[in-house]
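Q: please find the sequence and the predicted model below.
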Amino acid sequence: MSALCGVLVASFLVPAAALAGTTVSRSIDYFNSLPTELTVQPPSQTTRIVTADGKPIATFYAENRVRIPLNKMSPFIRKAVVAIEDSRFYEHSGVDAQGVLRALTSNLTRGERQGASTLTQQYVTNIVNEAMISAGREDQVVLSGQKSVGDKLREMRLAIALEKKYTKDQILEGYLNIVFFNRSAYGIEAAAQYYFSIPASKLSLPQSALLAGLVNSPSFYDPVANPKNSIQRRNQVLDAMLDEAMITKKQHAAAKAAGIGLKLRPSRQGCAAATMAPYFCDYVSHLILNNPAYGADTKAREQKLYRGGLTITTTLDSRLQTAAQAQVNATAGPNPGKWGASLVSVQPGTGKILSMAQNTVFLPQRGKFDTQLNFNVDSRDPNGNDLNGAGGFQPGSTMKPFTFAEWLNQGKTITETVDATRREYPLGFRWRSSCGKVAGAYSTKQRRAGLEAADDLQNASEGYYRKMPVNYGLYNSINTATFASAAQLDFCGIQKMVNTVGLHSGLDGTPINMHQLGNVLGATGVAPLHMANSFATFAADGQYCAPIAILRVADRAGKPLPAQTSKCRDAVDRDVARGVNSVLQDVLKVGSGVYINPKISSKLPVAAKTGTNNSNGASWVVGYTTGLATASFFGDALEGQKRPGRNLTINGKFYSRIDGYMIAGPQWAQYTNKVAGLYPAASFPKPPASMVKKAAPKPPASSSRTKGRSGSSD
């Protein structure tokens, strides 16, 4: 073999003197001195992102490839590729002696440059090129027509060594998994899916012959662009199979008479091509690309995501996701004003994100509201890495339960009376702050802390400037009642309460400064995901669990890689959480959510809070059972709620202004009625009697929608 290779090389170098002994001798020596080591790394493979229940979400790849074993490939494709590319594949030892002699004769007599490549040699070339591409050295890839004598010799030497290490079937399997068919199909499984929409195991004889013929020149024999060339090549493959007695004459005739029969399934990758939840997909991809566990730098992580053949199993429940997407689309309807609608659900007690939907498309489509920003998540993660989120929206009165929670936490009762007549808190008002932020009278230090003055607190209706039970003030969302309760509290306690349930600025991840009075009424933008998760803390009896999106990650061999696990801690006193739950159930019965239509099923134990910002440009309902917590948002999602939510028409209905119960409320209610049963809910445990005391007579029920100077509400 060394002698034959040496002769072939000599023919490449000096065809006229190919048989000169010195030239052949030097070529033989050179061949025998070449290295024989070749590391066979698995080729680039497609990464899959799937739901918790196994439904596909999206794929990521640099090369669309799905590796499969030889026994999952049709026998016809195995025979076809051997017949046309290397009929003596099972007889030679990596380099075909007859092929070498044939190439030698052609090179000497016709001046051609045949190389006599076997399947094993072609496999070697693919391995080497794939390794260079994966290492980012695409410029070093050598195509077949560009190979030097040294390249050819090295290929032969490596092929011989490869045959000593692997069986023929292993080599054939590797070849069929790595070979290029077109830009959208690498390997036989991807090719079968692309051209015929079937797995490689189902390929028929004519289909197999067509694909086997394609590898010689994927563009020239492309059945889409050049069907005539493709059929001629397919028939050439069939003739070769008949000559090798791989098929019968009857099979040969029937296959030749068959049409091409293409059933194209163009491959699409990335979150823009997701089959569901494109924005959740985008969130997951950012979690991977931002995590050092998947590579030392961004480039390494991209290689892992696009070439690693990962299977990423997420927390998403396809049943909830389907319902959420249908609901946000129906809520907004035709939407020339580009008003945003979103829903995001988490599971109390685990932090698992179960659905994440919004009323937009990821890429521009005619007549559609498009954006790549995710309405439901932060702009950046805690380390400052991009999450592609909109950065949150002003939560308005959905912030009020956290002041109320601190009210209970500081030993006060649910029905205690507060003075909601007060509309002004002048400069110098003695706000309490035990953590050194503010003490006593107005000062420069107090100004920096933000506890300055509230000089024009407003409620929607004049009848609510009076004394009232604090629970009544909460479930009817009375701004002056919230301020009256805050005036009796230590603001450092309110700050700790907001921090412990995971609330923070959606833009930069910094804590919400509760010493800034406007934030008592929700003036700092918060992402819907974290609003849902903060209320899930109440639902879980005070246990906070950080949101998670990734359950499992496995590499191409099935080996587990780091994923996310539920990280939970006791955050809110259990009795306090139960006290909040008891009051927020009244929001839907007699409070600011009483007019939400449709009604939540009376059999469903559920609590909620409505919210609207000052301009009505952000409206909310955050509602929950013990099994499911959901944030529903409707408003100006892209311009920082600068557009007032007034005098607009949504789905054919005119609104002089939008409040939380009007659009976000029905969106949440319809979705919750449909899916809450999938995560069964128990009744909320009651707070201790000492926290409730004797209930004061309730003032008349109201759907009061209030608006405050600094952050608003309904």
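A: Happy to help now that I have it.

Q: tally of neighbours for A332?
A: Neighbourhood size, A332 [other C-beta atoms under 10 Å]: 23. Placement of C-beta: from N, CA and C, glycine included.

Q: try the one 3 residues further on
A: The local packing count at N335 equals 18, with neighbours defined by other C-beta under 10 Å.

Q: got a pLDDT number for the closest residue to A390 other than its chain neighbours?
A: Take A390 and drop its neighbours on the chain: the residue closest to it by C-beta to C-beta, 6 or more residues apart in numbering is L373, 4.6 Å away. On pLDDT, L373 comes in at 97.

Q: was I right about L373 contacting G389?
A: Yes. Assessed by C-beta atoms under 8 Å, L373 is found in contact with G389 at 6.7 Å.

Q: what sits against A131?
A: 39, 41 (C-beta atoms under 8 Å, 6 or more residues apart in numbering).

Q: for F535, see how far away W668 is.
A: 12 Å (C-beta to C-beta, to the nearest Å).

Q: which neighbours do those two share?
A: G623.

Q: okay, those two: which has more neighbours?
A: Each of W668 and F535 has its neighbours counted (other C-beta under 10 Å); W668 has more, 31 against 28.

Q: that one: which element?
A: helix 664-675 (DSSP states H and E).

Q: could you dump that helix to CSV, C-alpha only?
A: C-alpha atoms of helix 664-675 as CSV (Å, rounded to 0.1, in the frame of the first residue of the first chain):
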residue,chain,number,x,y,z
ALA,A,664,-55.7,42.9,32.5
GLY,A,665,-58.4,41.6,34.8
PRO,A,666,-60.5,39.6,32.3
GLN,A,667,-57.3,38.4,30.6
TRP,A,668,-56.2,36.9,33.9
ALA,A,669,-59.6,35.6,34.8
GLN,A,670,-60.3,33.8,31.6
TYR,A,671,-56.8,32.2,31.6
THR,A,672,-57.1,31.2,35.3
ASN,A,673,-60.5,29.6,34.8
LYS,A,674,-59.1,27.5,32.0
VAL,A,675,-55.8,26.3,33.6
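
Q: please name every helix or strand in contact with the following helix or strand past that helix.
A: Tracing the chain C-terminally past helix 664-675 and defining elements by DSSP H and E, one meets helix 689-692 next. Packed against helix 689-692 by the contact rule (3 or more C-beta pairs under 8 Å, 6 or more residues apart in numbering; DSSP states H and E) you find helix 574-589.

Q: quick one: contacts of the helix it packs on?
A: 401, 404-405, 408-409, 414, 471, 474-475, 477, 537-542, 572, 593-594, 596, 599-600, 605-610, 623, 684-688, 691-692.

Q: list only buried entries from the residues you listed.
A: The neighbour-count test (16 or more other C-beta atoms under 10 Å) marks 401, 404-405, 408-409, 414, 471, 474-475, 477, 537-542, 572, 593-594, 596, 600, 605-610, 623, 684, 687, 691 as buried among the contacts of helix 574-589.

Q: narrow these to those in helices?
A: By the criterion of DSSP state H, membership of the buried ones among the contacts of helix 574-589 in helices covers 401, 404-405, 408-409, 471, 474-475, 537-539, 691.

Q: in JSON lines, list those residues along with pLDDT and distance to D297.
A: JSON lines is the format used below for those (pLDDT from 0 to 100; distance: C-beta to C-beta, whole Å):
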{"residue": "P401", "pLDDT": "98", "distance to D297": "42"}
{"residue": "F404", "pLDDT": "98", "distance to D297": "46"}
{"residue": "A405", "pLDDT": "98", "distance to D297": "42"}
{"residue": "L408", "pLDDT": "98", "distance to D297": "48"}
{"residue": "N409", "pLDDT": "98", "distance to D297": "44"}
{"residue": "N471", "pLDDT": "98", "distance to D297": "53"}
{"residue": "L474", "pLDDT": "98", "distance to D297": "49"}
{"residue": "Y475", "pLDDT": "97", "distance to D297": "51"}
{"residue": "T537", "pLDDT": "98", "distance to D297": "35"}
{"residue": "F538", "pLDDT": "98", "distance to D297": "40"}
{"residue": "A539", "pLDDT": "98", "distance to D297": "39"}
{"residue": "M691", "pLDDT": "96", "distance to D297": "53"}
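
Q: from those residues, pick the one nearest A83.
A: For these, the closest approach to A83 (C-beta to C-beta) belongs to A539, at 65.0 Å.
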